[in-house]
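Colleague: Okay, predicted coordinates and the sequence, questions at the end:
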Amino acid sequence: MTSNTPACEIGLIGLGTMGRNLALNIADHGFAVAVYNRTADKTREFMAEVVGKPIAAAYDLGEFSRRLKKPRAVLLLVAAGPPVDAMITELQPYLEPGDLIIDAGNSHFRDTDRRGQELAAASLLYMGLGVSGGEAGARFGPSLMPGGPPAGYQRVEPILRAVAAKVRGEPCVAYLGTGSAGHYVKMVHNGIEYGLMQLIAETYDLLKNGLGLENADLHQVYTRWHQAELASYLVEITAQIMKIRDAQTGGWLLDVIVDRAGEKGTGIWTSQEALALRVPIPTIDAAVSQRALSGLREERSAASAVLPGPPARPADQPENFIAKVKNALLAGMFITFAQGLALLRRASRHYGYQVDLAQVARIWRGGCIIRAAILDDIRTAYGRDPELANLLLAPNLRPGLLAIHPDLRTVVAAAVLAGIPVPGLAASLSYFDAYRRAWLPANLIQAQRDYFGAHTYERLDASGRFHTDWQKLASQDQ
Ligand code: 6PG
């Protein structure tokens, strides 16, 4: 595009891989987009690659703002945290009341709320947009999780619908609610992502170290799993990872990767937030903790020499065991979604987002990292009953879960006996067992609290709060 080209529909700041790919995706759908990057060389480099596309470069923010149709819409694709605030501060003088800023990074939802309030005071609209799907998603169709002022969403809805992934013709985007709803949903998406990745990693450990399967066998197993109920992006890429050779050694690439998981914090945010709202999400918590435990590599290595365990062999026929592990993973995945969506349900009430969980399940079916076939049924469950307290209770899902959960139990038991750590599967099973339990031993916890702290307790046979002088009674008894 030249400087004479008509005003652009949208502007995009930040030409990292995600920004570049999103700009190309927007342009490919016929929307003119103005791009700006703090380092001008990056912009020049990008422009040389996109000749002929409706993309206009700007080399300062004044030029950038002049290229945009009014009221302006600006997408930020800069690193989450202080860079977002810095860019907003730089950009603000070039904007006018009614203009819209959309943060498409993995920002913490509280930052999004704060920025939204600050910008509202300057009569600017601010949206938090969760974007999932990595680089390929940004280029060819991400799942988009927008939240913020409805007027802002309406303005960019045609663009978002055009660029989003499509599942059977439906774009994977829906307005999720006011304020930070979009970034909150993306945070929970990432928490679920952590949980699912941990569960799959545990099945890999069980099949590799428990059954002694080679990577080529594992490729077959995960490929088969992906062709049935476990069909999902993460199982699919796991199957592919198993068959990749290392160019340097000729061996399996996976086998030369250091067993220390990185993270950028969104899983921790999910756990922190769930703790704050008192929503149990133990599978996700286990996944977060297990990444931290993987980081203790030197300690683990030293401990492995002095803390021997049982031989890592589950006592079952290999084919039987593989089938059970498959069901255990399916149950674990389902329970992880149940936990994440229970958190969203509570948060939606707490923060007033009014998130439609059927829509969340719908837009997670394509484009995003946690896309999975079971989301079709999850969408149906919330479509039929938006007030569903927990996915475990959904009439269309419950029979399937009840049929496979014995395999989750068998696999966790086998792993425990073989000394193979399965914190995600075990947490999923315990969550299921605790949730389906009419009675929990919390009466004892209440008694203990009242004993040492006079915190009082409630009785089954009378209303009100009660306190007992436990110590006195106990000493009288002696
Ligand atoms: C996505 C991913 C994406 C990113 C994760 C990685 O939905 O596209 O979730 O946002 O890959 O944030 O997170 P960790 O680095 O914490 O594993």
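Modeller: Good, I have the coordinates.
Colleague: Identify each buried residue in the helix or strand containing residue 322, please.
Modeller: Here residue 322 sits within helix 318-351, counting by DSSP states H and E. For helix 318-351, burial by neighbour count (16 or more other C-beta atoms under 10 Å) applies to 321-322, 324-345, 347-348, 351. Where C-beta positions appear, they are placed from N, C-alpha and C, glycine not excepted.
Colleague: Stretch 433-450 now?
Modeller: 435, 450.
Colleague: so what's residue 5 scoring on pLDDT?
Modeller: On pLDDT, residue 5 comes in at 52.
Colleague: remind me which residues of the stretch 351-478 of the chain are low pLDDT?
Modeller: Applying pLDDT under 70 to the stretch 351-478 of the chain flags no residue at all.
Colleague: which residues does the residue in it that the ligand sits nearest to contact?
Modeller: Nearest to the ligand, among the residues of the stretch 351-478 of the chain, is residue 369, at 4.4 Å (C-beta to the nearest ligand atom). Applying C-beta atoms under 8 Å, 6 or more residues apart in numbering, we find residue 369 in contact with 132, 133, 134, 189, 193, 233, 234.
Colleague: Would you reformat those as TSV and include secondary structure?
Modeller: TSV is the format used below for those (DSSP: H, G, I helix; E, B strand; the rest coil):
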residue	secondary structure
132	strand
133	coil
134	helix
189	helix
193	helix
233	helix
234	helix
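Colleague: Identify, from these, the entry nearest to the ligand.
Modeller: residue 132 (3.0 Å).
Colleague: Run through the residues that contact the residue lying closest to that closest one once chain neighbours are set aside.
Modeller: Nearest residue to residue 132, sequence neighbours excluded (C-beta to C-beta, 6 or more residues apart in numbering): residue 368, at 3.5 Å. Residue 368 sits next to 132, 133, 137, 142, 143, 165, 172, 189, 233 when contact means C-beta under 8 Å, 6+ apart.
Colleague: And for residue 145?
Modeller: Contacts of residue 145 by C-beta under 8 Å, 6+ apart are 129-132, 173, 176, 182-183, 185-186, 189, 360, 363.
Colleague: same for the ligand: which of those are within range?
Modeller: Of the residues in the contacts of residue 145, proximity to the ligand by C-beta under 6 Å from any ligand atom holds for residue 132.
Colleague: Which of the contacts of residue 145 fall in strands?
Modeller: 129, 130, 131, 132 (DSSP state E).
Colleague: my guess is the last one contacts residue 189, does it?
Modeller: Yes: look at residue 132 against residue 189 with C-beta atoms under 8 Å: they come within range, at 5.8 Å.
Colleague: which residues are common contacts for those two?
Modeller: Taking C-beta under 8 Å, 6+ apart as the contact rule, residue 132 and residue 189 both touch 143, 145, 368, 369, 370.
Colleague: Make CSV out of those residues and add secondary structure.
Modeller: Listed next are these as CSV, based on three-state DSSP:
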residue, secondary structure
143, strand
145, strand
368, coil
369, coil
370, coil
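Colleague: for those residues, which one is nearest residue 14?
Modeller: residue 145 (18.3 Å; C-beta to C-beta).
Colleague: What count of nearby residues applies to the closest residue to that closest one other than its chain neighbours?
Modeller: Using C-beta to C-beta, 6+ apart and skipping the chain neighbours, the partner closest in space to residue 145 is residue 130 (3.2 Å). For residue 130, the tally of surrounding residues (other C-beta atoms under 10 Å) stands at 30.
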